[in-house]
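>>> Following is a predicted model, sequence given first.
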Number of protein chains: 2
Amino acid sequence: MIERMTAGDRRALAKLITMVESRPKEIYAIMSRVAERSRSVPRLGVTGPPGAGKSTLIDELITAWRKKGQTVGAVVVDPSSPFSGGAVLGDRIRMQRHAMDPGVFIRSLGSRGSHGGISRATMEIALLMDAFGLDQLLVETVGVGQTELDIIGIADTTVVVLVPEAGDTIQTLKAGLMEIGDIFVINKADRDGADRIAAEVRAMLELQKCEEDDWKVPVVMTVAKEGRGIAEFMEHIEAHRCFCRDSTRHAQFKRGYFQRWLVELILAELADRIKTRGPQEAAQIFEKVAVSQLNPYEGAAKILADKQLLESILIK
Amino acid sequence: MIERMTAGDRRALAKLITMVESRPKEIYAIMSRVAERSRSVPRLGVTGPPGAGKSTLIDELITAWRKKGQTVGAVVVDPSSPFSGGAVLGDRIRMQRHAMDPGVFIRSLGSRGSHGGISRATMEIALLMDAFGLDQLLVETVGVGQTELDIIGIADTTVVVLVPEAGDTIQTLKAGLMEIGDIFVINKADRDGADRIAAEVRAMLELQKCEEDDWKVPVVMTVAKEGRGIAEFMEHIEAHRCFCRDSTRHAQFKRGYFQRWLVELILAELADRIKTRGPQEAAQIFEKVAVSQLNPYEGAAKILADKQLLESILIK
């Protein structure tokens, strides 16, 4: 299957992606072999509040890359997910005109799944698309609870999309978006307030401590649905990628990325072991917690303090 | 501090909540003592897509409970969070009129934090509010990636709020909201399409396999910002709570809830151990993964296969 995928078989890619979501026993062995085939294609992350026009912007990017003859893979937020955040179905349908294009592979992710499930699935689908041989990789992220690993961790270049209407933009930026953006896009820039918000973002960027040789975060104005500003936006993407190639900070980031991934994988396996072996090996404690004879903190402390018990759950 | 909190000291409660977010070493011991003081107040969960008017509905509920002389604690999504999902600031400000009321304690949660951080923080803040002695507990949830534990797990009664405009409502429901709602609220019911969507939801509820003695999920129409439908909504909340008291299924749910919490706490500690001890005890593997000599899957498999290594990281 991996062979067929790397040979360009789209159905094999689709099947492997489905496998990532269903997580059979052999997943580590399979993904390990996929990872060997990674070409380390830089990943573009697109994030921002609902209604900022992320889908339209992504659609325009895909179109532009296709015009250059490049193939594109995208992992986007599922519009049918209960909380994808106001994604207007029309935008999504628009994006789906690429569905018939064999040079484009779009995969939607729903909001369902276990803890950390979305970030792990996103990382793995991006890796599959990378090994498959797509030229451009794009990851859309949105959502409370999706944090470092998802937004900052997966993308080599993170784009934060904002709109003039965002009344509480400054609040938004203070809450953490400011630090993660490598490029800011003010979309729907033909509307009132676009210049004001661009100025505000620039002012906030000025305030950030910035070393001499740091990346200078650009603020780009676009009207995605008319294709305006896309060319300039793409130039900035390329510039950031060039910057990353020689950046020691980006090298640091990549080191950290792989190590966090390693930790995630170990934790996922340990979670399985606790869920399956815990109720057997520590039956008494699990039962007492279930019936509130012991609170979960006491239960956890008891298990963590008992080395033999912990060993029987986690190791062997 | 715990003594002071249970004696009704609001500042002590606020400090303990802040502590939950900063997670010092003693957190397990402290929360264990807090858990002993839990009065098992039923928790109401409010969820739904952005723009459904969750904040206004919550605001009306708080007002109604206060009129009955009950105190209220609420954990809500932070409006300043980048992805809280279109929360209109005005609604939030409206809710903040309760901020001066000593019988109301509202805590906003941002989207930042580590994996599983939001669900754990929400569980713990709700527990603190419970031990503090508030009569009603309310938890708002939203967001991709927040799944079982958050929405289904924390609340004893889960309310799904929808609006007539929700064009893709049926999609939304298919994507998982249908199963989690104990009560459906069609808010902004004075708008066009309210009857149609209510009929659709009812039709979908009919399709669900339902045992004779199961809870019959009601669909309530409200216009929260005018207070319409709130009384009926509250009657359904009470009815569901009555139902839960004798329900074996709800007893099952509570058992599972405490056990999942137990697993979460153990995993959180193990995550800490892997992050701190891993790079020391398995220095070679971590380094090789960092520089891509080993992919994360190979690294994880190596660590998981080496019992001694695993023991030195997780146990002792």
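Now that the structure is in, tell me what you want to look at.
>>> For chain A, which residues score under the pLDDT cut-off?
Judged by pLDDT under 70, chain A has its weakly predicted residues at A:50, A:77-96, A:110-118, A:142-152, A:166-177, A:209-210.
>>> All the strands of it, residue numbers only.
Applying DSSP state E to chain A gives strands spanning A:43-47, A:72-77, A:104-109, A:136-141, A:157-162, A:183-186, A:219-221.
>>> what helices or strands is the first one leaning on?
Packing partners of strand A:43-47 (3 or more C-beta pairs under 8 Å, 6 or more residues apart in numbering or on different chains; DSSP states H and E): helix A:54-67, strand A:136-141, strand A:157-162. All C-beta atoms are positioned from the backbone trio N, CA, C, and that covers glycine.
>>> Could you dump these into CSV and include mean neighbour count?
Shown next, in CSV, are those (neighbours: other C-beta atoms under 10 Å in any protein chain shown):
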stretch, mean neighbour count
helix A:54-67, 21
strand A:136-141, 25
strand A:157-162, 26
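>>> Tell me which of the strands of chain A lies nearest to A:Gln252.
strand A:157-162 (15.5 Å; C-beta to C-beta).
>>> could I get the closest one in PDB with only the CA atoms?
Taking C-alpha atoms only, strand A:157-162 is exported to PDB below (Å, rounded to 0.1, in the frame of the first residue of the first chain):
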ATOM      1  CA  THR A 157       4.900  29.100   8.100                       C
ATOM      2  CA  THR A 158       1.800  30.200  10.000                       C
ATOM      3  CA  VAL A 159      -0.600  32.700   8.400                       C
ATOM      4  CA  VAL A 160      -3.100  34.500  10.700                       C
ATOM      5  CA  VAL A 161      -6.100  35.700   8.800                       C
ATOM      6  CA  LEU A 162      -8.100  38.600  10.100                       C
END
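>>> before we move on, back to that, could the helices and strands packed on strand A:43-47 go into CSV alongside distance to chain B?
Output for the helices and strands packed on strand A:43-47, formatted as CSV (distance: least, C-beta to the nearest C-beta, whole Å):
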stretch, distance to chain B
helix A:54-67, 11
strand A:136-141, 8
strand A:157-162, 8
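>>> could you measure A:Ile154 against chain B, distance?
13 Å (C-beta to the nearest C-beta, to the nearest Å).
>>> Distance-wise, check that residue relative to B:Phe132.
Counting by C-beta to C-beta, to the nearest Å, the gap from A:Ile154 to B:Phe132 is 39 Å.
>>> again with A:Met1
Applying C-beta to C-beta, the value for A:Met1 to B:Phe132 is 55 Å.
>>> neighbour count winner among the two?
Applying other C-beta atoms under 10 Å in any protein chain shown to A:Met1 and B:Phe132 shows that B:Phe132 carries more neighbours, namely 25 against 15.
>>> What are the neighbouring residues in contact with the more buried one?
B:5-6, B:8, B:13, B:73, B:105 (C-beta atoms under 8 Å, 6 or more residues apart in numbering or on different chains).
>>> Next: A:Ile17.
By C-beta under 8 Å, 6+ apart, the contact list for A:Ile17 reads A:107, A:125, A:128.
>>> if I pick the last one, what's in contact with it?
To tie it back to what came earlier, the one meant is A:Leu128. Contact analysis of A:Leu128 by C-beta under 8 Å, 6+ apart lists A:5, A:13, A:16-17, A:20, A:34.
>>> before we move on, back to that, with distance to B:Asn187 added, can I get the strands of chain A in CSV?
Formatted as CSV, the strands of chain A follow (distance: least, C-beta to C-beta, whole Å):
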stretch, distance to B:Asn187
strand A:43-47, 28
strand A:72-77, 24
strand A:104-109, 27
strand A:136-141, 28
strand A:157-162, 28
strand A:183-186, 32
strand A:219-221, 36
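>>> Test my guess that A:Gln259 contacts B:Val289.
Yes: counting by C-beta atoms under 8 Å, B:Val289 is a contact partner of A:Gln259 at 5.9 Å.
>>> Settle it for me: which of those two has more neighbours?
B:Val289 (28 against 20).
>>> separation between the more buried one and B:Arg196?
54 Å.
>>> cool, and A:Arg43?
Distance of A:Arg43 to B:Arg196, computed by C-beta to C-beta: 42 Å.
>>> Compare those two and say which one has the larger neighbour count.
Ranked by neighbour count (other C-beta under 10 Å), A:Arg43 and B:Arg196 place A:Arg43 first, with 22 against 12.
>>> domain assignment for chain A?
A:38-246, A:266-314 (automatic domain parsing).
>>> and of those domains, who's closest to B:Val223?
So among the domains of chain A, domain A:38-246 is nearest, using C-beta to C-beta, at 21.1 Å.
>>> Check the separation of the first and last residues in the closest one.
20 Å (C-alpha to C-alpha, to the nearest Å).
>>> And for stretch A:212-227?
Taking C-alpha to C-alpha as the measure, stretch A:212-227 stretches 34 Å from start to finish.
>>> What of stretch A:202-221?
Stretch A:202-221 end-to-end distance (C-alpha to C-alpha) = 12 Å.
>>> what's next to it, contact-wise?
Here stretch A:202-221 makes contact (C-beta under 8 Å, 6+ apart) with A:170, A:173, A:178-179, A:181-186, A:189, A:194, A:198, A:201, A:229, A:232-233, A:236, A:239-240, A:243, A:247, A:249.
>>> Tell me which residues touch A:Trp261, please.
A:Trp261 makes contact with A:123, B:289, B:296 under the criterion C-beta under 8 Å, 6+ apart.
>>> Quick check: the second one touching A:Arg260?
Meaning B:Val289. No: B:Val289 is beyond contact range of A:Arg260, at 10.0 Å (criterion: C-beta under 8 Å).
>>> so which of the domains of chain A gets nearest B:Val159?
Closest to B:Val159 of the domains of chain A, according to C-beta to C-beta: domain A:38-246, at 13.4 Å.
>>> Tell me how many other residues crowd A:Asp9.
A:Asp9, neighbours per other C-beta under 10 Å, totals 15.
>>> now it: how far from A:Glu21?
Shown here: A:Asp9 relative to A:Glu21, a distance of 19 Å by C-beta to C-beta.
>>> Could you do A:Ala271 as well?
Counting by C-beta to C-beta, the gap from A:Ala271 to A:Glu21 is 17 Å.
>>> what does A:Ala131 give?
Applying C-beta to C-beta, the value for A:Ala131 to A:Glu21 is 17 Å.
>>> again, but for A:Phe243
As judged by C-beta to C-beta, A:Phe243 and A:Glu21 stand 34 Å apart.
>>> ok, now A:Val161?
Distance from A:Val161 to A:Glu21, counting by C-beta to C-beta: 27 Å.
>>> Can you give me the neighbour number for the residue nearest to A:Gln136 when sequence neighbours are not counted?
Spatial nearest neighbour of A:Gln136, excluding adjacent residues (C-beta to C-beta, 6 or more residues apart in numbering or on different chains): A:Val72 at 4.5 Å. Around A:Val72 there are 24 other residues, counting by other C-beta under 10 Å.
>>> dump the residue contacts of A:Val72.
So A:Val72 contacts A:61-62, A:65-66, A:98, A:103-105, A:134-138 (C-beta under 8 Å, 6+ apart).
>>> Swap in 10 Å and give it another go.
Contacts were defined as C-beta atoms under 10 Å, 6 or more residues apart in numbering or on different chains; by that measure A:Val72 touches A:44, A:58, A:61-66, A:98, A:101, A:103-106, A:129, A:134-138.
>>> same thing with A:Tyr297?
Contacts of A:Tyr297 (C-beta under 10 Å, 6+ apart): A:289, B:27-36, B:124, B:127, B:261-262, B:265.
>>> which ones among these are found in helices?
In this view, the contacts of A:Tyr297 that belong to helices under DSSP state H are A:289, B:27-36, B:124, B:127, B:261-262, B:265.
>>> Between these, which sits nearest A:Thr222?
Of all the ones in helices among the contacts of A:Tyr297, A:Thr222 sits closest to B:Glu124, with 41.9 Å by C-beta to C-beta.
>>> Right, I'll call it a day here.
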